[in-house]
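Participant: Model the structure of this input:
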Amino acid sequence: MYYDYFFGMHAYWWFFWIVLWVLFFSIMMPMRRTTFRQMQSPMQLLQRRYAAGEITSEEYEERRAKFLRDATL
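Facilitator: Below is the predicted model of the structure:
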């Protein structure tokens, strides 16, 4: 009679909760990584874009100067 129960919960319910937690973490971890990218400072974002080749040296220097000028105000 009790062979289908594990610690008071049916075996299928254990399977359901384990699958639910795995799905939850597999969805939340990529979202957390993208949120971390959004938390970078503007200077870090500018440096990352320059290193990736998304902006030219002239654009980098112009934006960096503007950022430093605005940061001192």
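Participant: Which helix runs longest in the chain?
Facilitator: For the chain, the helix reaching the highest residue count under DSSP state H is reported as helix 11-38.
Participant: ok now stretch 20-29, how far from the chain's centre?
Facilitator: Offset of stretch 20-29 from its chain centre (C-alpha atoms, centre = their mean, to the nearest Å): 13 Å.
Participant: ok so, going back, list the buried ones in the helix or strand following the longest helix of the chain?
Facilitator: Downstream of helix 11-38, the next assigned helix or strand under DSSP states H and E is helix 42-51. For helix 42-51, burial by neighbour count (16 or more other C-beta atoms under 10 Å) applies to Leu46, Tyr50. To be clear about C-beta, it is placed using only N, CA and C from the backbone, and glycine gets the same treatment.
Participant: Helix 42-51 to helix 11-38, inter-axis angle?
Facilitator: 90 degrees (axes from the mean of the first three to the mean of the last three C-alpha atoms, to 10 degrees).
Participant: next structured bit after helix 42-51?
Facilitator: helix 57-72.
Participant: now for that following helix, which elements pack on it?
Facilitator: When contacts are defined as 3 or more C-beta pairs under 8 Å, 6 or more residues apart in numbering; DSSP states H and E, helix 57-72 packs onto helix 42-51.
Participant: Alpha carbons of the helix it packs on, in PDB - could you do that?
Facilitator: Provided in PDB are the C-alpha atoms of helix 42-51 (Å, rounded to 0.1, in the frame of the first residue of the first chain):
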ATOM      1  CA  PRO A  42      28.600  53.400 -19.000                       C
ATOM      2  CA  MET A  43      32.400  53.400 -19.200                       C
ATOM      3  CA  GLN A  44      32.500  49.600 -19.100                       C
ATOM      4  CA  LEU A  45      29.900  49.400 -21.800                       C
ATOM      5  CA  LEU A  46      31.900  51.800 -23.900                       C
ATOM      6  CA  GLN A  47      35.100  49.900 -23.400                       C
ATOM      7  CA  ARG A  48      33.400  46.600 -24.200                       C
ATOM      8  CA  ARG A  49      31.900  48.000 -27.400                       C
ATOM      9  CA  TYR A  50      35.300  49.400 -28.500                       C
ATOM     10  CA  ALA A  51      37.000  46.100 -27.700                       C
END
